[in-house]
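Student: Sequence and computational prediction follow.
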Amino acid sequence: DAGVIQSPRHEVTEMGQEVTLRCKPISGHDYLFWYRQTMMRGLELLIYFNNNVPIDDSGMPEDRFSAKMPNASFSTLKIQPSEPRDSAVYFCASSLAGTEYNEQFFGPGTRLTVL
Amino acid sequence: AQTVTQSQPEMSVQEAETVTLSCTYDTSENNYYLFWYKQPPSRQMILVIRQEAYKQQNATENRFSVNFQKAAKSFSLKISDSQLGDTAMYFCAHKTSYDKVIFGPGTSLSVIP
């Protein structure tokens, strides 16, 4: 099993540019989560989807952030325009409802640096 | 609101010794799940061990075990026979049936040869 796949692994961009992070969940999983990790704020849940539908986006910092899940095997997190304070590691995770613990499996993360 | 607290930002342990990482949480739910995740320098988040609140028996996975005290809302992780590969950040996490997982701030563990 391939696990959760994220791309790119590293992204360096300049302030004001659009950034798109991509995620492929584990095949068959019906929940997908986007997290942001920083030293100051730790691991924060940004948004999560169930069956491709956004369920809770209360963690999305502001309108510059948007997330989509057009199908069960692909999701994007977009930042437009990017700012230096968006520099962080962004994780995608997926899980399967109905399993005993419904635990989340994480991707390797995307390290974003905004100059 | 749900919160997860890890009161030890950093800890160290000698190789082959035992170490216990603390975690407390706050919830109004009666049924929930608790997890410990490990994040080594590679950044990958790895599930170490899990516990359902209704199960009274403490979970064990090889060298890793938990001490779950439901009344005290405490969920500590014990690592026995520590190995150099155990060096990592450890995150305690709490999940209700609504699927949102709340993570603690993490404890950085260093295993000293």
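Tutor: Received it, and whenever you're ready, just let me know what you need.

Student: residue ranges with poor pLDDT in chain A?
Tutor: Scanning chain A for pLDDT under 70 picks out the ranges A:1.

Student: 90 - rerun?
Tutor: Along chain A, segments meeting pLDDT under 90 span A:1-2, A:39-42, A:61-62, A:97-103.

Student: That one against chain B: which residues are in contact?
Tutor: Taking CB under 8 Å from any CB of the partner chain as the measure of proximity, chain A contacts chain B at A:31, A:33, A:42-43, A:45, A:48, A:50, A:55-56, A:89, A:91, A:93, A:95, A:97, A:100-106, A:108-109, A:111. Heads up, the C-betas are built off the backbone N, CA and C, glycines and all.

Student: Wait, residue A:20 touches residue A:76, no?
Tutor: Yes - with contact defined as CB atoms under 8 Å, residue A:20 counts as touching residue A:76 (5.5 Å).

Student: returning to what we had before: mind giving me the ChimeraX select for the residues of chain A next to chain B, buried ones only?
Tutor: Filtering the residues of chain A next to chain B down to the buried ones (16 or more other CB atoms under 10 Å in any protein chain shown) takes a single ChimeraX command:
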select /A:31,33,42,43,45,48,56,89,91,93,95,102,103,104,105,106,108,109,111
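
Student: I'd like to know which of the residues of chain A next to chain B are part of strands.
Tutor: Among the residues of chain A next to chain B, DSSP state E puts A:31, A:33, A:42-43, A:45, A:48, A:50, A:55-56, A:89, A:91, A:93, A:95, A:105-106, A:111 in strands.

Student: And for residue B:71, the neighbour number?
Tutor: 5 (other CB atoms under 10 Å in any protein chain shown).

Student: I meant residue B:81, not that one.
Tutor: Here the count is done by other CB under 10 Å, and residue B:81 has 11 residues near it.

Student: helix, strand or coil for it?
Tutor: Of the three states, residue B:81 takes coil under DSSP: H, G, I helix; E, B strand; the rest coil.
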